[in-house]
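J.: The sequence and its predicted three-dimensional model are supplied below.
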Amino acid sequence: MYKKLGVYLKEFLYSTKKLLKELLSFPEATKAYGFNEIIDINSIREINESYEEKISAIDGGTSEIIRLPTFSIVLNRIYCNCFIGMKKLDYFDRCTFISLTRMINDNGKIFYETKILHFIEGELNIKFPIVDSYSEEMRIGKNRGDISRVISMARRFGEWEFVRNALKSGAKIILMDGSLQTSFPNESEFVKQIYNEVEKNNSIIAGLSKTSTIFTENGLPISGFLEYLGRRKGISKWAVKIGKSEEWTNKALIYFVKLHENSDRCYRLDVYEKVSEEDIEKLLSSLVSNSKYFAYPGYPYALIDAHNLARVGRDEAIYIRNLIFDLLDIEDIKRIENSEQIAHKILDELG
């Protein structure tokens, strides 16, 4: 078929090559779209291993037990550890709990309520806000947000609450999995309390993201541009500050970091804005010291450990589901199974 296309295919290939070269032509300087810092080759700073502070990493995991259009029962787990360099210390904490998120119809207005039904291990002292489905954070275009946008709130607020537990480890650095960006109603107000406690403890709070959709004002992926600058400067472990977002309310300075010479990628790093330059040095240096795992160089091992021990296996959720079903009549079970969004799950599994 391609031979028949002949000269037309050749013209297409060469025009595509020209287009890609134009699109991937990096400027000398630019900004990340929506951010305030100008980025050029002088923005790249080398990270030195002059500090090795204690790091406590926090992550969470979830698996749905039962999900209907109007309510969802979810198995959640939150975990934190403590490392110095690549050495894992004795301190850790973990909480596993079952949460319920359900729809409330209040005179035609749809709200979502989340509460903890049962603690399997550990405890959390937390009360979740009632969420208006038409709130700015929940809406999808002009449509109200459905329950799928709310069920992760128990895990997210639990991770924030676990910062208090992580501080008990004596860690200088609290490292969250993902960004510090807030997305739920009342989350920003809740997080302010957490930030205040971190400040009083003279600690640093940061969040590391494995992926990022941030791009430059020229429309280029920010990570590709920064890798290009790093190669030009001849630095293998570096950090670049891209600044504060004009849109987000997460009170964070955004950096991109490359933490190991053999890493094939850089990562987005959010750092609470009230941080000194000395603490930034301590944070970056300590992350480099913790990012030497041979199977995944350049990614903090504390986060790998937290991810593995916070993960909720599907078999765990199914086990609890079966215990619930054992107490129900056959007719009730059929109603649940008929109401669940099985078709969507099958399509998702088929990819």
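T.: Structure's in. What do you need? Please read all numbers here as calculations on a predicted model, not as lab measurements. Residues are numbered from 1 along each chain as shown.

J.: could I have the lengthiest helix in the chain exported to PDB, CA atoms only?
T.: Determined from DSSP state H, the single longest helix within the chain is helix 7-23. This file holds the C-alpha atoms of helix 7-23, laid out as PDB (Å, rounded to 0.1, in the frame of the first residue of the first chain):
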ATOM      1  CA  VAL A   7       6.000  10.400  -3.900                       C
ATOM      2  CA  TYR A   8       2.900  11.600  -1.900                       C
ATOM      3  CA  LEU A   9       4.000   9.600   1.200                       C
ATOM      4  CA  LYS A  10       7.600  11.000   0.800                       C
ATOM      5  CA  GLU A  11       6.200  14.600   0.700                       C
ATOM      6  CA  PHE A  12       4.100  13.900   3.800                       C
ATOM      7  CA  LEU A  13       7.100  12.500   5.700                       C
ATOM      8  CA  TYR A  14       9.400  15.400   4.900                       C
ATOM      9  CA  SER A  15       6.700  18.000   5.700                       C
ATOM     10  CA  THR A  16       6.000  16.300   9.000                       C
ATOM     11  CA  LYS A  17       9.700  16.300   9.800                       C
ATOM     12  CA  LYS A  18       9.900  20.000   9.100                       C
ATOM     13  CA  LEU A  19       6.800  20.700  11.200                       C
ATOM     14  CA  LEU A  20       8.200  18.700  14.200                       C
ATOM     15  CA  LYS A  21      11.500  20.500  14.000                       C
ATOM     16  CA  GLU A  22       9.700  23.800  14.100                       C
ATOM     17  CA  LEU A  23       7.500  22.700  17.000                       C
END
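
J.: those helices in the stretch 151-300 of the chain, which residues are they?
T.: Assigned helices in the stretch 151-300 of the chain, in chain order: 153-167, 187-200, 222-233, 277-289 (criterion: DSSP state H, counting those that start in this stretch).

J.: Serialize those to a markdown table and add fields for mean neighbour count.
T.: C-beta here means a position set from N, CA and C on the backbone, and glycine is covered the same way. Formatted as a markdown table, those follow (neighbours: other Cβ atoms under 10 Å):
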| stretch | mean neighbour count |
| --- | --- |
| helix 153-167 | 22 |
| helix 187-200 | 15 |
| helix 222-233 | 17 |
| helix 277-289 | 20 |
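
J.: Point to the helix or strand of the protein where mean pLDDT is at its lowest.
T.: Scoring the helices and strands of the chain by mean pLDDT, DSSP states H and E places helix 342-350 at the bottom, with a mean of 46.

J.: And this structure, what are its domain boundaries?
T.: According to automatic domain parsing, the chain comprises the domains 45-310, 314-350.

J.: In a markdown table, list these along with distance to residue 39.
T.: Compiled in a markdown table, these are given as follows (distance: least, Cβ to Cβ, whole Å):
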| stretch | distance to residue 39 |
| --- | --- |
| domain 45-310 | 6 |
| domain 314-350 | 38 |
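
J.: Single out the most deeply packed of those domains.
T.: domain 45-310 (a mean of 18; mean count of other Cβ atoms under 10 Å).
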